[in-house]
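Undergrad: sequence isn't available, so here's the structure alone:
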């Protein structure tokens with residue numbers, strides 16, 4: 001097993017926050033949308049950029065997009081970011097995790113520990 005220090009440098013992931021000044025760049029990007037207490041993966045499409053957007057949630061029945069004005073899009077969505085290395089998920093990092101492959105949503109939580117022996121990341125979910 002190669003230790004993290006011996007591995008080639010993995011570039012850090014970008015930020016997951018969408019900023020108002022970048023709304024003209026989000027068309028087609030993968031996002032996570034907060035609906036209730038969970039995050040649903042999908043894709044954003046500009047309808048009338050930078051004012052109105054549609055988010056299509058992956059696997060949703062009927063594939064009907066959720067329509068959001070810019071302000072609501074900024075409140076409810078984050079960019080989908082997948083870190084390629086554990087070094088970018090230190091203890092205290094906010095993450096969204098898949099509980100089961102049969103569910104089409106992610107649970108928000110916080111990284112509590114990293115097990116270097118078996119390469120797992122231990123996450124405490126927000127809902128307990």
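TA: Perfect, I can see it now. If you're wondering where the values come from, they're calculated on a predicted model, not measured in any experiment.
Undergrad: which parts of this protein are helices?
TA: 70-76 (DSSP state H).
Undergrad: burial count for the closest residue to residue 110 other than its chain neighbours?
TA: For residue 110, ignoring the flanking residues on the chain, the nearest one in space by C-beta to C-beta, 6 or more residues apart in numbering is residue 124 at 5.5 Å. C-betas here are computed from N, CA, C, even on glycine. Neighbour count of residue 124, defined by other C-beta atoms under 10 Å: 10.
Undergrad: tell me the contacts of residue 124?
TA: 109-110, 112 (C-beta atoms under 8 Å, 6 or more residues apart in numbering).
Undergrad: now stretch 111-128: buried residues?
TA: 111, 114, 121, 123 (16 or more other C-beta atoms under 10 Å).
Undergrad: of all the residues you listed, which two lie farthest apart?
TA: 114 and 123 (10.2 Å; C-beta to C-beta).
Undergrad: low-confidence stretches in this protein?
TA: 1-12 (pLDDT under 70).
Undergrad: same for the longest strand seen in it, what does it pack against?
TA: Criterion DSSP state E: the longest strand present in the chain is strand 38-48. Applying 3 or more C-beta pairs under 8 Å, 6 or more residues apart in numbering; DSSP states H and E, one finds that strand 38-48 makes contact with strand 30-35, strand 52-57, strand 107-115.
Undergrad: what sits against the residue most central in space within the chain?
TA: Central residue of the chain (C-alpha atoms, centre = their mean): residue 80, 3.6 Å from the mean position. Residues near residue 80 by C-beta under 8 Å, 6+ apart: 16, 29-32, 41.
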